[in-house]
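>>> My questions are about this predicted structure, shown below with the sequence.
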Amino acid sequence: MADYRNMWDDLGMDLEKHDLLCEALPDAFHEVYISQQDRPEGMDYYDFVVAEIHGVRPAELVEHRKKGGKVFGTFCVYVPDEIIFAAGAIATGLCGGSQFWVPGGEKVLPANTCPLIKASVGARLDKTCPFFRLADIYIGETTCDGKKKAWEILSEDVPVYVMDLPQMKREKDIAAWTEEIKLFLNKVEEVTGTKVTPEALAENIKLIARKRKALERLYNTRKNSPVPISGRDALLITQIAFYDDPERFSSKTNELCDELDKRIAEGNGVFPADAPRIMITGTPMAIPNWKLHHIVETCGAPVVVEETCTGVRYFENSVDETGTTLDEQIQALAKRYMKVNCACFTPNEGRVDDILRLVKEYKVDGVIDCNLQFCGLYSTESYLVQQALKKAGIPVMHLETDYSEQDSEQIRTRVQAFLEMLGD
Amino acid sequence: MLVAGIDIGSMSTKAVIFNGQRLFKTIAPTGWSPRQAAHQVYGRLLNQSGYTEEQIDYLIATGYGRVSIDFADRVVTEITCHARGAAYLSPGTDLVIDIGGQDSKVIRINDEGQVLDFAMNDKCAAGTGRFLQVIANALGVDVSDLAALSKGQTPLALNSMCTVFAESEVIGLLTQGKDKGAIIAGLHQSIARRIASMAQRMGASNRVTFTGGVAINEGVQASLEEQLGVPVQVPKDCQLAGAIGAALIARDFNSRA
């Protein structure tokens, strides 16, 4: 990474500790990405983003703030980025995906809680991530218990605005979520000092829609056999989508898809056509969590789709753009976002329907349902997910893991046994 | 057709040669070097059986140390191998419970010995052969004496979930003058409860087979039957189920080649 020490220092980061992370990341990235054969040339852009991960984009955010712009840190796909951008601000995804940040979180959080939450809190409190320093305000949500209470602790260190996401999806809940988005819009206007107009909102609904379409196009290429791009690469692209400039990201991803279309036409794949095609479903995988994808794919099976928030949940379903008033637009946003099927909702049959549909669309041979350790929501929901898949005759395996390397071999044994079950 | 299977476990290494009619087998402690153990055990078995290495058409390695040897034709997980071995040793079985040195697993299988579903505990030594070894040590007895000592005894429940803390607890109980046999019976019950709860998640069965080194312990066998409420089959070569399965799978690959 080029030298951004001055910028990091200005952001109040712990340079010494941060250096440790900077030292470790290139090796990890090499092992998972550079070691792959025949990656599409279009991956160069995303490799560059990772190589300069704490440099290039943060520098852009610093410039934005110098001109008076605001940065909103988000942690969840339910938060409507469209509103943030419509007020001239920038939304940046802040989830933590590395074990490096976990000990920092464990200073204030119980050990027996989600690694993603621990890493996110640790990244802020240990001052080891520029994005976590750059956000003027964090947007939290009442998704899971772990997060709900973590916001209370984080808000001692940084302003946090919590959105009240409903628990159910009845008419009254969609109405409540619509109200929540209105309140959120008011907050965004307050923080930015900018009024959100219907024109600006319409423009930015289109901006985010373009990003979603680009990702949809990428994932569609993975429906082919042989698959033209690895699951590891698709995951990386999706992770970068959370914080890269939306217009640039859409453009680069479409360029990559042009290249993938050529590969598909030539029958050029990165895995043999007869390799077992795997779906991963469950909890999200924040950058740089590549652990499970790496294990599955180095066992010889491509991950062809993810039913996770760092997967199809991020881009499926579009916002109805026919509304012209703010009220209509906000209602459209509420409706679209409520279609995301996270386990924090009850019931969550929509997720089972999605999984079964995706198995067909992506010609999946086996499903791995994986949740982060201590996630009560997804681990409990796994019972119904497995039941439905077994009933449909689709092989499924459940895993629970964290960010550490300690259980990698045990996970690998289970994955290998599962692949052996799918037959050679 | 001459095939072989080697199961390199955390505590013992098992090797099997199958010539279509007869199974040649041997077991030895793994010690500190899985690679060395595999070489030695395989070498010994070749001697015993009168075959040479070149005569073996296909060799499959399995178990904890499977990736540490370089002379296998293929590597297959112990889950798949145990399923196959148990189906051979115990025809008609549909649920395999395997407790080894360092892990335990429950495998649901079909008539062909193929894996339909599985669950593993390989993150914690409690409930494995290691647990028995640690406690036997603390009691000053040999692992092979545990079953006899526990016979007819009312189990003295252990509170500790962790092997290390259980060891301390056992020493404490001995100091209080509690009976060794009762403590051992409590130990067996503790293992059986743990594995039974894992087994119950795999669905009910009355055709259960128990494999692995710990299956040799009749006390654990009896406790397991009590917890599951059904009889449990322990085939004569229960400890070799993995190596036998590996050899049978080697035969499949060899016929395809």
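Good, I have the coordinates.
>>> Can you list the low-confidence ranges for chain A?
A:1, A:424 (pLDDT under 70).
>>> Point out the residues in the stretch 1-150 of chain B that sit beside chain A.
For the stretch 1-150 of chain B, the contact set with chain A under Cβ under 8 Å from any Cβ of the partner chain comprises B:76, B:77, B:78, B:79, B:80, B:114, B:115, B:116, B:118, B:120, B:122, B:123. Every residue, glycine included, has its C-beta placed from N, CA and C.
>>> The stretch 251-400 of chain A: strands as residue ranges?
Assigned by DSSP state E, counting those that start in this stretch, the stretch 251-400 of chain A shows strands spanning A:278-282, A:303-307, A:366-372, A:396-401.
>>> helices or strands up against the third one?
For strand A:366-372, the elements it packs on are strand A:278-282, helix A:291-298, helix A:376-391, strand A:396-401, helix A:408-421, judged by 3 or more Cβ pairs under 8 Å, 6 or more residues apart in numbering or on different chains; DSSP states H and E.
>>> for the ones you listed, which one ends up most surrounded?
Highest mean neighbour count among the helices and strands packed on strand A:366-372 (mean count of other Cβ atoms under 10 Å in any protein chain shown): strand A:278-282, with a mean of 27.
>>> Tell me how far it lies from the chain's centre.
In terms of Cα atoms, centre = their mean, to the nearest Å, the centre of strand A:278-282 is set 14 Å apart from its chain centre.
>>> What of stretch B:93-109?
Worked out by Cα atoms, centre = their mean, stretch B:93-109 lies 8 Å from the chain centre.
>>> Need the CA coordinates for it. CSV is fine.
Only the C-alpha atoms of stretch B:93-109 are listed here, as CSV (Å, rounded to 0.1, in the frame of the first residue of the first chain):
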residue,chain,number,x,y,z
THR,B,93,-27.1,-50.7,10.0
ASP,B,94,-28.4,-47.2,9.4
LEU,B,95,-26.7,-45.2,12.1
VAL,B,96,-23.0,-45.3,12.9
ILE,B,97,-21.6,-43.9,16.1
ASP,B,98,-17.8,-43.6,16.0
ILE,B,99,-15.7,-42.4,19.0
GLY,B,100,-12.1,-42.1,18.3
GLY,B,101,-9.1,-40.8,20.1
GLN,B,102,-9.8,-37.1,19.6
ASP,B,103,-13.2,-36.8,17.9
SER,B,104,-16.6,-38.4,17.8
LYS,B,105,-19.1,-38.6,14.9
VAL,B,106,-22.5,-39.8,14.1
ILE,B,107,-23.2,-40.8,10.5
ARG,B,108,-26.5,-41.7,9.0
ILE,B,109,-26.0,-44.2,6.1
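>>> for it, what is the average pLDDT?
For stretch B:93-109, mean pLDDT is 95.
>>> Kindly list the main-chain dihedrals of the residue of the stretch 51-200 of chain A found nearest chain B?
Taking Cβ to the nearest Cβ, chain B has its nearest neighbour within the stretch 51-200 of chain A at residue A:112, 14.8 Å off. Backbone torsions of residue A:112, given as degrees, to the nearest 10, read phi -80, psi 60.
>>> was I right about it contacting residue A:376?
No. Contact criterion Cβ atoms under 8 Å: residue A:112 and residue A:376 do not qualify, at 10.7 Å.
>>> what's the burial count for residue 253?
No chain in the question, so chain A it is. Residues within reach of residue A:253, counting by other Cβ atoms under 10 Å in any protein chain shown, total 25.
>>> oops, I was thinking of chain B
Around residue B:253 there are 17 residues (other Cβ under 10 Å).
>>> what about it, is that helix, strand or coil?
helix (DSSP: H, G, I helix; E, B strand; the rest coil).
>>> how about it, what does it touch?
Each residue near residue B:253 by Cβ atoms under 8 Å, 6 or more residues apart in numbering or on different chains is listed here: B:58, B:60, B:73, B:74.
>>> Next: residue B:184.
So residue B:184 contacts B:135, B:139, B:146, B:149, B:150, B:153, B:219 (Cβ under 8 Å, 6+ apart).
>>> and it, what element?
Secondary structure from DSSP states H and E places residue B:184 in helix B:180-200.
>>> Quick check: residue A:412 vs residue A:179, distance?
Separation of residue A:412 from residue A:179 (Cβ to Cβ, to the nearest Å) stands at 47 Å.
>>> Point me to the residue of the stretch 301-424 of chain A nearest chain B.
As assessed by Cβ to the nearest Cβ, chain B sits closest to residue A:417 within the stretch 301-424 of chain A, at 3.8 Å.
>>> give me every residue that touches that residue.
Residue A:417 sits in contact with B:77, B:79, B:80, B:115, B:118, where contact means Cβ under 8 Å, 6+ apart.
>>> Serialize the residues you listed to JSON lines and add fields for pLDDT and secondary structure.
Below are the contacts of residue A:417 laid out as JSON lines (pLDDT from 0 to 100; DSSP: H, G, I helix; E, B strand; the rest coil):
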{"residue": "B:77", "pLDDT": "97", "secondary structure": "coil"}
{"residue": "B:79", "pLDDT": "97", "secondary structure": "helix"}
{"residue": "B:80", "pLDDT": "97", "secondary structure": "helix"}
{"residue": "B:115", "pLDDT": "97", "secondary structure": "strand"}
{"residue": "B:118", "pLDDT": "96", "secondary structure": "strand"}
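>>> Give me the buried entries from the residues you listed.
Buried subset of those (neighbour count, 16 or more other Cβ atoms under 10 Å in any protein chain shown): B:77, B:79, B:80, B:115, B:118.
>>> show me where chain B has helices.
Assigned by DSSP state H, the helices in chain B fall at B:34-49, B:78-89, B:129-139, B:146-150, B:163-175, B:180-200, B:218-228, B:241-256.
>>> same for the third one, what does it pack against?
When contacts are defined as 3+ Cβ pairs under 8 Å, 6+ apart, helix B:129-139 packs onto helix B:163-175, helix B:180-200.
>>> Could you point out which of the ones you listed sits nearest residue B:213?
The closest of the helices and strands packed on helix B:129-139 to residue B:213 is helix B:180-200. By Cβ to Cβ, the value is 12.4 Å.
>>> May I have the closest one as CSV, with CA atoms only?
Taking Å, rounded to 0.1, in the frame of the first residue of the first chain, the C-alpha atoms of helix B:180-200 are listed here in CSV:
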residue,chain,number,x,y,z
LYS,B,180,-13.2,-45.9,41.6
GLY,B,181,-15.8,-48.1,39.8
ALA,B,182,-18.6,-45.7,40.5
ILE,B,183,-16.5,-42.8,39.2
ILE,B,184,-15.7,-44.8,36.0
ALA,B,185,-19.3,-45.6,35.5
GLY,B,186,-20.0,-41.8,35.8
LEU,B,187,-17.4,-41.2,33.2
HIS,B,188,-19.0,-43.7,30.8
GLN,B,189,-22.4,-42.1,31.4
SER,B,190,-21.0,-38.7,30.6
ILE,B,191,-19.6,-39.8,27.3
ALA,B,192,-22.8,-41.7,26.4
ARG,B,193,-25.0,-38.7,27.2
ARG,B,194,-22.9,-36.4,25.0
ILE,B,195,-22.9,-38.7,22.0
ALA,B,196,-26.5,-39.6,22.5
SER,B,197,-27.6,-36.0,22.2
MET,B,198,-25.6,-35.7,18.9
ALA,B,199,-27.1,-39.0,17.7
GLN,B,200,-30.7,-37.9,18.4
